[in-house]
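Visitor: sharing a model that was predicted from the sequence below.
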Number of protein chains: 2
Amino acid sequence: MVAVRRIRDAEESRRRVWGAAAAAFASRGYDGAKVDEIAADAGINKAMLYYHFADKVTLYRAILQDMFAAVALATTQVRTNGGTPEQQLRGYVGALIRAAEERPHFPAIWLREIADDGRHIDEGIFAAMRSVLANLTGILTDGVQAGVWRQVDPFLVQAGVAAPVMLVLATRRVRQRAGIGTPDGSVDALIDHVTTMTLATLTLTGRSPA
Amino acid sequence: MVAVRRIRDAEESRRRVWGAAAAAFASRGYDGAKVDEIAADAGINKAMLYYHFADKVTLYRAILQDMFAAVALATTQVRTNGGTPEQQLRGYVGALIRAAEERPHFPAIWLREIADDGRHIDEGIFAAMRSVLANLTGILTDGVQAGVWRQVDPFLVQAGVAAPVMLVLATRRVRQRAGIGTPDGSVDALIDHVTTMTLATLTLTGRSPA
DNA sequence: GTCTATAAATAGATAGAC
DNA sequence: GTCTATCTATTTATAGAC
């Protein structure tokens, strides 16, 4: 009984540390995030944080792994569900955006990890990333074989999808401060733009971009 | 004579600090970059660094300002040179990529500053950013008025251009480590893809992306 | 202009009591 | 499981000699 309560509290502590850490890593980066602050934001002591997580980098990697695993899972489901290439591509974009919306700190951490040249990425995370790209590659190949799309480097397509999504989602606050226009700042407009852009690129017929 | 030599050495020192700092901020971020390391990489002492630059954040802001000012200048020249909307758009993409290639640390610092929610951006830097977007907006408006393009939110277009460019340029090393394919990793392929993507999006006629 | 030495504050991590 | 107190190393920044 008491033991159960303790375990439940422990789970709760872990969750709060997780949330506080994700926020800190997103807004200040790995080096900028301070363990003291994370613990304080989580409402516990720093020693308690070290009770739950081996060290700072382990905590960071766990968050990173969760993010990429979520995208890997969601995009794999899109493949499993099947449908036309266009339907699957829309599903792919949707899965990416949904994963980012469910994890508000995803975009910033993603951008930072790229700038960090993948310094904290271990093999498990790389595997998830490769899985995401493999799913996209499968969708693109389907489209080519169905004769509706031309052949395009999957990584460039991924860059064309993920990078704008992450940029737009990560810059919501700063754009206001900068006085940089967002006539329609909705996520729907973002989905629409990215999807349109990608489909238009893939369905280009013949016309070489000279 | 001696004074002149000293001034020249000072300039040289400043330049070396600049280069070492840009590299450090790009690869480790603002908090991750250490002043001692920057000074050492520049071949001078830390005290000397503080002789040339007031403090860490001033040094960082100077680098940031230079980057955005360069893009602002280059894109303004594209507007001045004129030409068809398509020619100007190609010039815009080229200007962006050239600025990034001339400053190898631009992409990573750009990505980080976004994740940082513009924490280090002062009004001068914001002005440069707005100027870049204003130039793109001008090009897009020209195209709409000429009847060759449809109307699209300029910021979304900017996101569709800059984000993939920065992502691809910043991930060259890590992609190799990750085993993520780059069938054609050339900058030309990148320019081609981004330009094709953008033009295809803008020239879409009628077809609503339902 | 350049350096050595050091101040002053902060950081990640642990010991040990409860 | 949770906390206080603390160790050790690092970090930004400056003082002051040359």
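Guide: Structure's in. What do you need?

Visitor: ok, and what's touching stretch A:41-60?
Guide: Residues from elsewhere that reach stretch A:41-60 (CB atoms under 8 Å, 6 or more residues apart in numbering or on different chains): A:10, A:13-14, A:16-17, A:19-21, A:23-25, A:30, A:33, A:35-36, A:38-39, A:62, A:120. Every C-beta, even on glycine, is put in place using the N, C-alpha and C of the backbone.

Visitor: can you show me the CA trace of it as PDB?
Guide: Taking C-alpha atoms only, stretch A:41-60 is exported to PDB below (Å, rounded to 0.1, in the frame of the first residue of the first chain):
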ATOM      1  CA  ASP A  41      10.900  23.100 -12.400                       C
ATOM      2  CA  ALA A  42       9.900  19.500 -11.700                       C
ATOM      3  CA  GLY A  43       9.300  20.400  -8.100                       C
ATOM      4  CA  ILE A  44      11.900  18.100  -6.700                       C
ATOM      5  CA  ASN A  45      15.500  18.200  -5.600                       C
ATOM      6  CA  LYS A  46      18.500  17.700  -7.800                       C
ATOM      7  CA  ALA A  47      19.500  14.500  -5.900                       C
ATOM      8  CA  MET A  48      16.100  13.100  -6.700                       C
ATOM      9  CA  LEU A  49      16.600  13.800 -10.400                       C
ATOM     10  CA  TYR A  50      19.800  11.700 -10.200                       C
ATOM     11  CA  TYR A  51      17.900   9.000  -8.400                       C
ATOM     12  CA  HIS A  52      15.600   8.700 -11.500                       C
ATOM     13  CA  PHE A  53      18.100   9.300 -14.200                       C
ATOM     14  CA  ALA A  54      21.700   8.300 -14.300                       C
ATOM     15  CA  ASP A  55      23.000  11.600 -15.500                       C
ATOM     16  CA  LYS A  56      22.200  14.600 -17.700                       C
ATOM     17  CA  VAL A  57      23.000  13.000 -21.000                       C
ATOM     18  CA  THR A  58      21.000   9.900 -20.300                       C
ATOM     19  CA  LEU A  59      18.000  12.000 -19.500                       C
ATOM     20  CA  TYR A  60      18.500  14.000 -22.800                       C
END
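
Visitor: hmm, that stretch in reach of DNA strand D?
Guide: Yes: with CB under 7 Å from any atom of the strand as the criterion, DNA strand D is reached by stretch A:41-60 at A:44, A:45, A:46, A:47, A:48, A:51.

Visitor: by contact count, what packs against the helix or strand bottoming out on mean pLDDT in chain A?
Guide: The helix or strand of chain A with the poorest confidence is helix A:2-32; it has a mean of 87 (mean pLDDT, DSSP states H and E). Packing partners of helix A:2-32 (3 or more CB pairs under 8 Å, 6 or more residues apart in numbering or on different chains; DSSP states H and E): helix A:35-41, helix A:46-52, helix A:56-81, helix A:106-115, helix B:2-32, helix B:106-115.

Visitor: state the mean pLDDT of the fourth one.
Guide: By that I understand helix A:106-115. For helix A:106-115, mean pLDDT is 98.

Visitor: mind listing what's buried in that helix?
Guide: Using 16 or more other CB atoms under 10 Å in any protein chain shown as the test for burial, helix A:106-115 gives A:106, A:107, A:108, A:109, A:110, A:111, A:112, A:113, A:114, A:115.

Visitor: is it true that the last one touches residue B:108?
Guide: To tie it back to what came earlier, the one meant is residue A:115. Yes: assessed by CB atoms under 8 Å, residue A:115 is found in contact with residue B:108 at 4.1 Å.

Visitor: spit out the contact partners of the residue nearest to residue A:118 when sequence neighbours are not counted.
Guide: Of all residues not flanking residue A:118 in the chain, residue B:174 sits nearest, at 3.9 Å (CB to CB, 6 or more residues apart in numbering or on different chains). Neighbouring residues of residue B:174 by CB under 8 Å, 6+ apart: A:114, A:117, A:118, A:121.

Visitor: in three-state terms, label the second one for me.
Guide: Three-state secondary structure (criterion: DSSP: H, G, I helix; E, B strand; the rest coil) places residue A:117 in coil.

Visitor: which one (most neighbours) among the contacts of residue B:174?
Guide: residue A:114 (22 neighbours; other CB atoms under 10 Å in any protein chain shown).

Visitor: correct me if wrong: it contacts residue B:167.
Guide: Yes: the pair residue A:114 / residue B:167 is scored as a contact, 6.4 Å apart, by CB under 8 Å.

Visitor: shared neighbours, the two?
Guide: With CB under 8 Å, 6+ apart, residue A:114 and residue B:167 have common neighbours residue B:111.

Visitor: just the buried subset of the residues of stretch A:41-60 next to DNA strand D, written out for ChimeraX, thanks.
Guide: To isolate the buried subset of these in ChimeraX, counting by 16+ other CB under 10 Å, use the following:
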select /A:44,48
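
Visitor: columns distance to residue A:79 on top of the residues of stretch A:41-60 next to DNA strand D, output as JSON lines?
Guide: Converted to JSON lines, these look like this (distance: CB to CB, whole Å):
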{"residue": "A:44", "distance to residue A:79": "41"}
{"residue": "A:45", "distance to residue A:79": "45"}
{"residue": "A:46", "distance to residue A:79": "43"}
{"residue": "A:47", "distance to residue A:79": "45"}
{"residue": "A:48", "distance to residue A:79": "41"}
{"residue": "A:51", "distance to residue A:79": "40"}
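
Visitor: check the residues of stretch A:41-60 next to DNA strand D one by one and keep those near DNA strand C.
Guide: Contacts with DNA strand C within the residues of stretch A:41-60 next to DNA strand D, counted by CB under 7 Å from any atom of the strand: A:46, A:47.

Visitor: out of the residues of stretch A:41-60 next to DNA strand D, the closest to residue A:199 would be?
Guide: Using CB to CB, residue A:44 is the member of the residues of stretch A:41-60 next to DNA strand D that sits closest to residue A:199, with 47.9 Å.

Visitor: look at the closest one and report its pLDDT.
Guide: 94.

Visitor: which of the three states applies to it?
Guide: With three-state DSSP as the basis, residue A:44 sits in coil.

Visitor: how close does it get to residue B:34?
Guide: 30 Å (CB to CB, to the nearest Å).

Visitor: again, but for residue A:195
Guide: To residue B:34, residue A:195 is 43 Å away according to CB to CB.

Visitor: got it, and residue A:129?
Guide: 29 Å.

Visitor: ok, now which ones touch the residue nearest to residue A:169 when sequence neighbours are not counted?
Guide: Nearest-residue entry for residue A:169: residue A:107, 4.4 Å, with adjacent residues in sequence omitted and distances by CB to CB, 6+ apart. For residue A:107, the contact set (CB under 8 Å, 6+ apart) comprises A:26, A:100, A:165, A:166, A:167, A:169, A:170, B:115.

Visitor: that'll do, ta.
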